[in-house]
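1. coords please:
(chains A and B)
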Amino acid sequence: MTWIWSNLDLLWDRTLDHLVLSVPPLLLSFLFAVPLGWVANRYRISRGVILTASGLLYAIPSLPLFFVIPAVVGTSLRSPLNLIIALTLYGVALMVRVVADGLASVDKDVRQSAVAVGYSGWSIFWQVELPLAAPVLLAGLRVVAVSTVSLATVGAVIGAQSLGSLFTDGFQRGIQAEIIAGIVLTVVLALLLDGALVLLGRILLPWTRLASTSRRALRAARVTEVSE
Amino acid sequence: MIEFRSVSKQFPDGTLAVDDFSLTLPSHQTTVLVGSSGSGKTTLLRMINRMVDPSSGTIEIDGADIAALEPVQLRRSIGYVMQNSGLLPHRTVIDNVATVPLLRGVPRRKARTEALSLLDTVGLDRSLAARYPNQLSGGQQQRVGVARGLAVNPNILLMDEPFGAVDPIVRAELQQELIRLQSELGKTVVFVTHDIEEAFLLGDQVVILRDGGRIAQVGSPSDILAKPADDFVASFVGADRGKRALHVERRGGSDILVDTDGRLAGVLVAPSAADATPDHRAPR
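-> Numbering: from 1, shown residues only, chains lettered A, B, ... in the order given. A predicted model of the protein is given here:
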């Protein structure tokens, strides 16, 4: 414990480093996954190709990927950018399927009625399909957030400072408290990001909160309708 | 006026949904397309707002070929009400009603004010405006659907089995409400149903369809009841089963109407009572 109290600054810095490494991949993977998932959902052939490719992408072990990325992108071997790119790829691999499934889950009747009242192609996507797929997308993003935070610790191996550095450093110097602090902070950070996403969902998707209360409201509505 | 001229529709899978269909739907009247599933009635309805384009033939609205019109603009000028209301679950009642005016660029505040008064028109309490569709009963959702259909004050209102999914009591109430609305608004209504009773209740012109959108008979409900064109129509309206041929029997001091099968169909009452308009509820 004394180690922790005397190294609060270090823990705070590593936590911030960790956030800087994990938040951009979360946002980027969402941005890339939406168009890919849309294409995957749109055509049967592209669905097979894109979903298989993203599945394979997730199967690539992270260490070789850290060496392949600099060779392909031209970044230096120890740049944190490599880690961000790798985590984005893993995030995309997870999210593409979620986006495709989320868009496929949109009620056909609702979609059809949107066409019938005069939504144009793009406005259907932005104003109907994407918001209605949002609860599924949010569930996927939560998985990606937690997995990204946990994967980002691997960055320590290639020299990207993160909470993972506390593991490697703790192992090398035999400081158990440092290792445990790294593990606990990683879990806490993952939970915080997850909680932030849940909160965001509550603000942005107010209609989904009704699921639990709607039955009661529906019964009340029926009663008023009959009694009137 | 909507005119179908030799319209056919073959879907890519080969089914011939509509085969050489010609019909004139007069303005400010309700035309009901009635038929069982596979009769192409919904396909015919969807051709009017270009959800489906015919394989051959033309459809004209007030003399203009709709094939030359831009589908999205056309749809925004025609009201559409469907089964299960088709409301957007992520938009409040008021925003659902204001959907099409907003798409057409009406300022939000104006669209909402007009949407509120449309809730009055369809007999919904304004307090429901901020609810989401899944907080309403089926009947209320259907009323919102009708309000949305009326929101751009369209000349034409397309209704695809709008009352098919609600219970009989609410359905009867919605039907009376539609009759009241139509007497006030005088839209050109095209209504699709498989329920012949509903067709006779609502239709000025009733079109009975066989498979493939072939017309078995067109006429007013009384024409069709009095002179079914053939056995198919007679069977469809129930005339062949004696359901429509009633006679009076004197029982317990009342004149009871009995059909050919011996089933009791109703009571004979004085014409003045029978002519009285059905009382519908005052708008809530």
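
2. what does stretch B:47-59 contact?
-> A:112, A:115-116, B:2-10, B:18, B:20-22, B:43, B:46, B:61, B:65-67, B:69, B:71, B:74-75, B:78, B:80, B:156, B:158, B:190 (Cβ atoms under 8 Å, 6 or more residues apart in numbering or on different chains). Just so you know, the C-beta spots here come from the backbone N, C-alpha and C atoms, and that holds for glycine as well.

3. low-confidence ranges in the chain?
-> Just going to use chain A. Applying pLDDT under 70 to chain A picks out residues A:210-228.

4. oops, chain B please
-> Using pLDDT under 70, chain B drops low at B:272-284.

5. residue numbers of it in contact with chain A?
-> B:46, B:49, B:51, B:72-73, B:75-76, B:80, B:82-91, B:99-100, B:103-104, B:131-132, B:134-137, B:139-140, B:148, B:158, B:170, B:281, B:284 (Cβ under 8 Å from any Cβ of the partner chain).

6. among the residues you listed, which ones are buried?
-> With neighbours counted by 16 or more other Cβ atoms under 10 Å in any protein chain shown, the residues of chain B next to chain A contain buried members at B:46, B:49, B:51, B:72, B:75-76, B:80, B:82-91, B:99-100, B:103, B:131-132, B:134-137, B:139-140, B:148, B:158, B:170.

7. in strands, which of the residues you listed appear?
-> Taking DSSP state E, the ones among these that sit in strands are B:80, B:82, B:158.

8. and the host helix or strand of residue A:130, what's buried?
-> In this assignment (DSSP states H and E), residue A:130 forms part of helix A:130-151. Neighbour counts over helix A:130-151 (16+ other Cβ under 10 Å) mark A:130-138, A:140-142, A:144-151 as buried.

9. which other helices and strands contact that helix?
-> Counting contacts by 3 or more Cβ pairs under 8 Å, 6 or more residues apart in numbering or on different chains; DSSP states H and E, helix A:130-151 packs against helix A:8-42, helix A:80-104, helix A:176-204.

10. hmm, back to that, going by distance to residue B:29, which of the ones in strands among the buried ones among the residues of chain B next to chain A wins?
-> Taking Cβ to Cβ as the measure, residue B:29 lies nearest residue B:158 of these, at 14.1 Å.

11. gap between that closest one and residue B:48?
-> 6 Å (Cβ to Cβ, to the nearest Å).

12. on that earlier part again, tell me which of the contacts of stretch B:47-59 fall in helices.
-> Using DSSP state H, the subset of these located in helices is A:112, A:115-116, B:43, B:46, B:71, B:74-75.

13. check contacts around residue A:27.
-> Residue A:27 makes no contacts at all, as judged by Cβ under 8 Å, 6+ apart.

14. please enumerate the strands of chain B.
-> For chain B, applying DSSP E gives strands covering B:2-10, B:16-25, B:30-34, B:56-61, B:64-65, B:78-82, B:156-160, B:188-193, B:205-209, B:215-219, B:246-251, B:254-259, B:264-267.

15. which among those strands is found nearest to residue A:104?
-> Judging these by Cβ to Cβ, what sits closest to residue A:104 is strand B:78-82, at 21.0 Å.

16. pull up the pairing partners for that closest one, direction included.
-> Taking DSSP bridges as the criterion, strand B:78-82 forms sheet pairs with strand B:156-160 (parallel).

17. which other residues reach the strand it pairs with?
-> If you take Cβ under 8 Å, 6+ apart as the criterion, strand B:156-160 is touched by A:116, B:2, B:42, B:45-46, B:48-49, B:61, B:77-83, B:149-150, B:187-192.

18. for stretch B:141-154, output the C-alpha coordinates as CSV.
-> Extracted C-alpha coordinates of stretch B:141-154, given in CSV (Å, rounded to 0.1, in the frame of the first residue of the first chain):
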residue,chain,number,x,y,z
GLN,B,141,-51.5,3.7,-32.1
GLN,B,142,-53.8,3.2,-35.0
ARG,B,143,-55.4,6.7,-34.4
VAL,B,144,-51.9,8.2,-34.4
GLY,B,145,-51.3,6.3,-37.7
VAL,B,146,-54.3,8.0,-39.2
ALA,B,147,-53.3,11.4,-37.8
ARG,B,148,-49.9,10.9,-39.5
GLY,B,149,-51.6,9.9,-42.7
LEU,B,150,-53.5,13.2,-42.6
ALA,B,151,-50.6,15.4,-41.6
VAL,B,152,-49.8,16.9,-45.0
ASN,B,153,-53.5,17.3,-45.8
PRO,B,154,-53.2,14.9,-48.7
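
19. buried residues in that stretch, which are they?
-> Residues B:141-152, B:154 are the ones in stretch B:141-154 that count as buried (16+ other Cβ under 10 Å).

20. swap in stretch B:176-191?
-> For stretch B:176-191, the buried set under the neighbour-count rule, 16+ other Cβ under 10 Å, comprises B:176-182, B:187-191.

21. other residues contacting that stretch?
-> Contacts of stretch B:176-191 (Cβ under 8 Å, 6+ apart): B:1-2, B:25-33, B:45, B:48, B:79, B:121-123, B:143, B:146, B:150, B:154-159, B:162, B:199, B:201-203, B:278, B:280.

22. what subset of those residues is buried?
-> For the contacts of stretch B:176-191, a burial check counting by 16+ other Cβ under 10 Å picks out B:2, B:25, B:29-33, B:45, B:48, B:79, B:121-123, B:143, B:146, B:150, B:154-159, B:162, B:199, B:201-203.

23. chain center to stretch B:172-180, what's the gap?
-> Relative to the mean C-alpha coordinate of its chain, stretch B:172-180 is positioned 11 Å out (Cα atoms, centre = their mean, to the nearest Å).

24. number of residues surrounding residue 35?
-> Since no chain was named, I'll use chain A. By other Cβ atoms under 10 Å in any protein chain shown, 11 other residues sit near residue A:35.

25. you looked at the wrong chain, it should be chain B
-> 26.

26. for the closest residue to it other than its chain neighbours, which residues are in contact?
-> In this structure, residue B:35 finds its nearest non-sequential neighbour in residue B:209, 3.4 Å apart by Cβ to Cβ, 6 or more residues apart in numbering or on different chains. Shown in contact with residue B:209 (Cβ under 8 Å, 6+ apart): B:33-35, B:39-41, B:44, B:215-216.

27. what about the helices in the stretch 51-200 of chain B?
-> For the stretch 51-200 of chain B, applying DSSP state H, counting those that start in this stretch gives helices covering B:71-76, B:93-97, B:99-103, B:108-121, B:138-150, B:168-185, B:196-202.

28. what's the fourth one packed up against?
-> Applying 3+ Cβ pairs under 8 Å, 6+ apart, one finds that helix B:108-121 makes contact with helix B:93-97, helix B:99-103, helix B:138-150.

29. do the same with the fifth one
-> Judged by 3+ Cβ pairs under 8 Å, 6+ apart, the packing partners of helix B:138-150 are helix A:210-227, strand B:78-82, helix B:93-97, helix B:108-121, strand B:156-160, helix B:168-185.

30. and that helix, how far out from the chain middle?
-> On the basis of Cα atoms, centre = their mean, helix B:138-150 is displaced by 13 Å from the centre of the chain it belongs to.

31. what's the answer for the first one, then?
-> Distance of helix B:71-76 from its chain centroid, counting by Cα atoms, centre = their mean, is 20 Å.

32. hmm, who's touching that helix?
-> A:115-120, B:49-51, B:66, B:100, B:103-104, B:152.

33. same question, the fourth one
-> Contacts with helix B:108-121, where a contact means Cβ under 8 Å, 6+ apart, come from B:93-95, B:97-98, B:101-102, B:106, B:125-126, B:128-129, B:144, B:147, B:150-151, B:181, B:283.

34. make it 6 Å
-> B:94, B:97-98, B:101-102, B:126, B:147, B:150, B:283 (Cβ atoms under 6 Å, 6 or more residues apart in numbering or on different chains).

35. nearest to residue A:125, of these?
-> Of the contacts of helix B:108-121, the one sitting nearest to residue A:125 (Cβ to Cβ) turns out to be residue B:102, at 16.7 Å.
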